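J.: show me how the following folds:
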Amino acid sequence: MKTFSKTIMMPLVLVLFFSLNSCGENKKKANEDNQEESKEMKEASTTSANNELSEKEKEDGWKLLFDGESTDGWRGYGKDDFPDRGWVVENGTLKLNGSGAGEAGGAGDIIYDGQFKDFELSLEWKISEGGNSGILYLAQEIEGQPIWKSAPEMQILDNEKHPDAKLGKDGNRKAGSLYDLIPADPQNAKPAGEWNTVSIMVYRGTVVHSMNGENVVEYHLWTDDWKNMIAESKFAGWEDFINAGGEDHKGYIGLQDHGDDVWFRNIKIKEL
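T.: You can find the predicted model right below:
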């Protein structure tokens, strides 16, 4: 009888074990499926909220510079119209299809057709592998002169693959930096293909670059420190750069064509 009981019980135990194990695997798979579905829903929700202002932002005085559907408000630097090639609206982003030729032979830089003095600019960008671009501010539109000769630049870069990351001094050509002048510290840019959230605050000459939730650059325009820093840089002697913003201390917001694919979204500004 004892032997018979063991003989009967062992298959029952095995059946019970595999049944419970199967249930556990099914439950685990269901949880993973639910998490994936939740992630997809969250991403869809985030995407649908792009290029819109919340009620709070509207109350606080924010203005949307890109609606995700058109190029309204934007034009080529030194031109009356928006470029007819290169720059496009794609999947809710303002995208540059790069020429692959650096700054030569591309569509050219674009500016928002309005000048700003004291402001906070906020946007998101992502760069292609090995790519380079920039956000320019307080730019003057001077005939026969490129935008970068009068405008400070917040660098956009694939720090891993673009050679600019190894040039300049102390990383001052890496993403988030005041290009070729002050390195972003901490250096917290995300890899190529991932979105970075940045802001540039200008207030009575004080400028702060923020990237992915951290302040990474701070400096003060038109001061002796500013002039001395310029005198020891590639911008030495460039009066329009030294006097960024011109006599009225205001200028255009620009997005750079450096020949590489780059995407922008959620571009908004608040005048201070």
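
J.: tell me the contacts of residue 217?
T.: Counting by C-beta atoms under 8 Å, 6 or more residues apart in numbering, residue 217 makes contact with 154, 176-178, 182-185, 207-209. C-beta: built from backbone N, CA, C; applies to glycine.

J.: again, but for residue 147
T.: 77, 109, 111, 136, 139, 141, 252, 254, 256.

J.: ramachandran angles for it?
T.: phi -60, psi -40 (degrees, to the nearest 10).

J.: which residues of this protein score low on pLDDT?
T.: Residue ranges of the chain with pLDDT under 70: 1-48, 104-105.

J.: re the thing from before, what subset of the contacts of residue 217 is buried?
T.: Taking 16 or more other C-beta atoms under 10 Å as the criterion, what is buried in these is 154, 176-178, 182-185, 207, 209.

J.: take those residues and lay them out in CSV including distance to residue 120 and secondary structure.
T.: Formatted as CSV, the buried ones among the contacts of residue 217 follow (distance: C-beta to C-beta, whole Å; DSSP: H, G, I helix; E, B strand; the rest coil):
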residue, distance to residue 120, secondary structure
154, 13, strand
176, 16, coil
177, 19, coil
178, 16, strand
182, 19, strand
183, 22, coil
184, 18, coil
185, 20, coil
207, 11, strand
209, 11, strand
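
J.: could I get those as TSV with distance to residue 195?
T.: Formatted as TSV, those follow (distance: C-beta to C-beta, whole Å):
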residue	distance to residue 195
154	15
176	14
177	19
178	22
182	24
183	22
184	17
185	21
207	23
209	17
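
J.: and stretch 106-117, which residues are buried?
T.: Neighbour-count burial for stretch 106-117 [16+ other C-beta under 10 Å]: 106-112, 115-116.

J.: tell me which of the contacts of residue 147 fall in strands.
T.: Members of the contacts of residue 147 lying in strands (criterion: DSSP state E): 111, 136, 139, 252, 254.

J.: gap between the two ends of stretch 75-88?
T.: One end of stretch 75-88 to the other measures 12 Å (C-alpha to C-alpha, to the nearest Å).

J.: which parts of the stretch 151-272 of the chain are helices?
T.: Assigned by DSSP state H, counting those that start in this stretch, the stretch 151-272 of the chain shows helices spanning 224-231, 239-242.

J.: please identify the most buried of these.
T.: helix 239-242 (a mean of 15; mean count of other C-beta atoms under 10 Å).

J.: which ones are touching residue 82?
T.: Listed by C-beta under 8 Å, 6+ apart, the contact set of residue 82 reads 71, 74-76, 110.

J.: among those, which one lies nearest to residue 87?
T.: Residue 87 lies nearest to residue 110 out of these, by C-beta to C-beta, at 6.0 Å.

J.: contact partners for that closest one?
T.: Neighbouring residues of residue 110 by C-beta under 8 Å, 6+ apart: 74-77, 82-83, 87, 254-255, 257.

J.: a markdown table for those residues, including distance to residue 238?
T.: Below are those laid out as a markdown table (distance: C-beta to C-beta, whole Å):
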| residue | distance to residue 238 |
| --- | --- |
| 74 | 26 |
| 75 | 24 |
| 76 | 22 |
| 77 | 17 |
| 82 | 28 |
| 83 | 26 |
| 87 | 27 |
| 254 | 16 |
| 255 | 21 |
| 257 | 20 |
